[in-house]
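Undergrad: Pasting the sequence and the predicted coordinates here, then a few questions.
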Amino acid sequence: MKETSIIISGFGGQGTLFSGQVLAYAALDNNFNVTWIPSYGPEMRGGTASCTVIISKEEIGSPLVRNPDISVVLNLPSLDKYEHLTKSGGCLVANSSLINRGLNRDDLKNVYIPANEIAEEIGLSRMANMVMIGGMLCLAPVLSLEVVKQALSEHIPERHRRTLPMNFDAMQRGYEFAEQALAEVAA
């Protein structure tokens, strides 16, 4: 696998930084080189938060990413910011629950997932981030879903262990939604 850069962005409180951490742990646990850099505005919850994750078998030259291979956007401001920055031929996963427009580009592999609605069906609205990660892993299988689930189970803080089944369900549903959406496009 070549170096893959991922930006995950949304409102503070949507779990964007945690999503990136889970991917970073999964990569580390499977002998990849990885960087994880969080970024958030001074307003934190409610403001914009994002993180950059780079996963590579080779040494990573720089942790900074101008044009990510993959963008996971959980809200409209994040789509507005990262759509034009995503590398041509790259992947974009968008949360259709909070994004009311399509892409302005046709050179990105993309999927729109109603992450908030799926998370609410699971019973915990904060699971939208894990729904999106599942969808991303289907669209761009930089890591397997099972590897990410394993990393989550090994690294989740003790106080959140009770949410593991919901996290797993959220990732699985996001993956399956993206799989179905991609099959419909291909048909």
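TA: Cool, got the structure.
Undergrad: For the rest of this, base every contact and every neighbour count on C-alpha atoms.
TA: Will do.
Undergrad: Quick check, central residue of the protein?
TA: residue 133 (4.0 Å; C-alpha atoms, centre = their mean).
Undergrad: I'd like to know which elements the one helix or strand that residue maps to is packed against.
TA: Remark: residue 133 resides in helix 128-139, with elements defined by DSSP states H and E. Counting contacts by 3 or more C-alpha pairs under 8 Å, 6 or more residues apart in numbering; DSSP states H and E, helix 128-139 packs against helix 16-29, strand 70-73, strand 91-95, strand 109-113, helix 115-122, helix 164-186.
Undergrad: again, only this time at 6 Å
TA: If you count contacts as 3 or more C-alpha pairs under 6 Å, 6 or more residues apart in numbering; DSSP states H and E, helix 128-139 packs onto helix 115-122, helix 164-186.
Undergrad: buried set for the next helix or strand after it?
TA: Moving toward the C-terminus from helix 128-139, the next helix or strand (DSSP H and E) is helix 145-155. For helix 145-155, a neighbour-count test (16 or more other C-alpha atoms under 10 Å) marks 145, 147-153 as buried.
Undergrad: what does stretch 174-187 give?
TA: 174-179, 181-182.
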